[in-house]
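*Asks:* the sequence isn't on hand, but the structure is:
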Ligand SMILES: Cc1cc2nc3c(=O)[nH]c(=O)nc-3n(C[C@H](O)[C@H](O)[C@H](O)COP(=O)(O)O)c2cc1C
Ligand SMILES: CC(C)CC(=O)C(=O)O
């Protein structure tokens with residue numbers, strides 16, 4: 001089957017993966033209310049097409065923190081890509097490069113930052129959690145700069161791991177041959193130890209991530225690195241303003257794909273609030289959560305996002321066909337975006353603004 005839309009990759013991936021890995025990828029926190037809300041929010045967007053505009057060339061190109069991108073659709077940071085494909089993040093980097101897309105590499109990557117950089121044709125950012133072991137965090141920041149990563153993305157919505165019932169029931173643990181190699185073996189033991197009724201990842205995150213971090217600690221990170229600092233996991237105007245005051249160069253509006261606080265707002269419902277609070281020109285706002293088509297990407301861009309990131313769809317592509325699958329997912333979403341730009345009469349991203357959408361009742 002040739003995938004015609006992203007959900008085709010989902011079906012193909014589900015057939016290939018064992019049920020514990022599938023649940024880890026697909027699952028959310030608690031009753032998965034926020035996970036569902038991320039998708040439902042897009043159903044409330046209707047498009048306002050303009051006609052008799054020259055759309056013979058629709059340009060999806062954009063610029064973000066100094067890097068040119070062929071597409072505003074990028075790769076969200078997701079952990080342990082070797083669960084999905086033997087090449088892991090090396091394949092993801094190749095696929096993102098083919099698509100001309102941004103790739104945000106997770107600190108829980110299962111390949112080294114340097115090996116991933118060697119495969120990358122496009123810009124890489126490194127996502128970090130604030131590790132209890134500050135010397136490990138410091139070393140990662142330094143390694144990222146040396147290896148050519150262009151920004152640090154600090155994920156701020158996970159002082160504890162969300163209560164993921166699927167993983168707890170499955171006793172999900174990372175298989176022995178796969179590891180977050182950039183953390184070093186000393187920090188990995190608990191991620192492999194499955195316990196009945198408990199996910200190893202919850203135990204591992206509690207061990208590795210420092211839940212006491214506050215806004216005041218960001219100064220340390222700012223001093224440590226000259227790379228731009230991006231905060232991922234902001235959902236309110238209040239925190240968006242604090243992020244800018246504390247020197248964030250960009251923000252990712254995200255509820256972590258519904259995997260953290262169940263009951264948090266759908267990402268799309270929080271987007272305009274954050275964009276209005278920071279003024280998108282001064283501080284670019286990125287978006288992730290529930291984007292499953294180029295039309296969804298268009299909606300988020302119209303509401304003020306400068307770029308959108310795909311989490312699960314990239315993992316589906318990776319599972320189905322490695323680098324080609326990742327390139328396929330990103331390429332399809334970009335094609336759909338360009339098509340939506342054409343049929344709404346907005347041939348450049350600068351013309352994709354709030355006049356292009358109405359938020360109302362579900363279609
Ligand atoms: C399997 C999986 C692993 C993830 N790992 C990370 C991670 O290591 N760091 C992080 O900041 N976010 C992580 N996320 C969250 C994604 O970056 C992103 O916020 C979310 O997946 C976007 O929603 P979507 O999957 O609906 O596109 C993960 C998400 C998934 C599905
Ligand atoms: C290994 C996990 C802590 C990665 C993550 O952030 C997630 O699964 O959502």
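*Replies:* Great, that's in hand. The structure presented is a predicted model; accordingly, all values stated were derived computationally and were not measured. Ligands and ions are numbered 1, 2, ... in the order given.
*Asks:* of all residues in the stretch 201-350 of the chain, which one is closest to ligand 2?
*Replies:* For the stretch 201-350 of the chain and ligand 2, the shortest gap (Cβ to the nearest ligand atom) falls at residue 259, measuring 4.4 Å. For the C-beta atoms, the positions are set from N, CA and C on the backbone; glycine is no exception.
*Asks:* revised request: answer the last question for the chain.
*Replies:* residue 79 (3.8 Å).
*Asks:* tell me the secondary structure for that residue?
*Replies:* coil (DSSP: H, G, I helix; E, B strand; the rest coil).
*Asks:* residue contacts, residue 159?
*Replies:* If a contact means Cβ atoms under 8 Å, 6 or more residues apart in numbering, then residue 159 has 209, 210, 211, 213 as its contacts.
*Asks:* same check on residue 270?
*Replies:* So, once contact is read as Cβ under 8 Å, 6+ apart, residue 270 ends up touching 235, 236, 253, 255.
*Asks:* quick one, which of these are buried?
*Replies:* Buried members of those, counted by 16 or more other Cβ atoms under 10 Å: 235, 253, 255.
*Asks:* got the contact list for stretch 347-363?
*Replies:* Under Cβ under 8 Å, 6+ apart, the answer for stretch 347-363 is 40, 43-48, 53-55, 57-62, 72, 272, 298-299, 301-304, 341, 344, 346.
*Asks:* are any of the residues you listed buried, and which?
*Replies:* 44-45, 47, 55, 58, 60, 62, 72, 272, 298-299, 301-304, 341, 344, 346.
*Asks:* just those residues: which are in helices?
*Replies:* 272, 298, 299, 301, 302, 341 (DSSP state H).
*Asks:* tell me the one of these nearest ligand 1?
*Replies:* Of these, the one sitting nearest to ligand 1 (Cβ to the nearest ligand atom) turns out to be residue 299, at 13.8 Å.
*Asks:* thought that closest one was touching residue 267?
*Replies:* No. Residue 299 lies out of contact with residue 267 (Cβ atoms under 8 Å); the separation is 11.2 Å.
*Asks:* from what I see, residue 243 and residue 233 are in contact.
*Replies:* No. Between residue 243 and residue 233 there is no contact under Cβ under 8 Å: 10.2 Å.
*Asks:* between those two, which one's more packed in?
*Replies:* Counted by other Cβ atoms under 10 Å, residue 243 and residue 233 do not tie: residue 243 has more neighbours, with 25 against 21.
*Asks:* packing partners of the host helix or strand of that one?
*Replies:* Using DSSP states H and E, residue 243 maps to helix 237-245. If you count contacts as 3 or more Cβ pairs under 8 Å, 6 or more residues apart in numbering; DSSP states H and E, helix 237-245 packs onto strand 229-234, helix 267-278.
*Asks:* could I get those as TSV with mean pLDDT and distance to ligand 1?
*Replies:* Converted to TSV, the helices and strands packed on helix 237-245 look like this (pLDDT from 0 to 100; distance: least, Cβ to the nearest ligand atom, whole Å):
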stretch	mean pLDDT	distance to ligand 1
strand 229-234	98	6
helix 267-278	96	8
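*Asks:* and those, which is most packed in?
*Replies:* strand 229-234 (a mean of 24; mean count of other Cβ atoms under 10 Å).
*Asks:* other SSEs contacting it?
*Replies:* Using 3+ Cβ pairs under 8 Å, 6+ apart: strand 229-234 touches strand 152-155, helix 218-224, helix 237-245, strand 250-253.
*Asks:* tell me which of these lies nearest to ligand 1.
*Replies:* Of those, nearest to ligand 1 by Cβ to the nearest ligand atom is strand 152-155, at 3.5 Å.
*Asks:* what does the protein have sitting close to ligand 2?
*Replies:* Within the chain, the positions adjacent to ligand 2 are 79, 108, 158, 161, 201, 205, 256, 259 by Cβ under 6 Å from any ligand atom.
*Asks:* TSV for these, including neighbour count and secondary structure?
*Replies:* Formatted as TSV, these follow (neighbours: other Cβ atoms under 10 Å; DSSP: H, G, I helix; E, B strand; the rest coil):
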residue	neighbour count	secondary structure
79	18	coil
108	24	coil
158	18	coil
161	19	coil
201	21	helix
205	20	helix
256	26	helix
259	24	coil
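*Asks:* near ligand 1, which of these show up?
*Replies:* Applying Cβ under 6 Å from any ligand atom to the residues of the chain next to ligand 2, those adjacent to ligand 1 are 79, 108, 256, 259.
*Asks:* identify the residues contacting the closest residue to residue 335 other than its chain neighbours.
*Replies:* Computed as Cβ to Cβ, 6 or more residues apart in numbering, the closest residue to residue 335 that is not its neighbour in sequence is residue 294, at 6.6 Å. Neighbour list for residue 294: 73, 332, 333, 334, 335, 336, 337, 338, 339, 340 [criterion: Cβ under 8 Å, 6+ apart].
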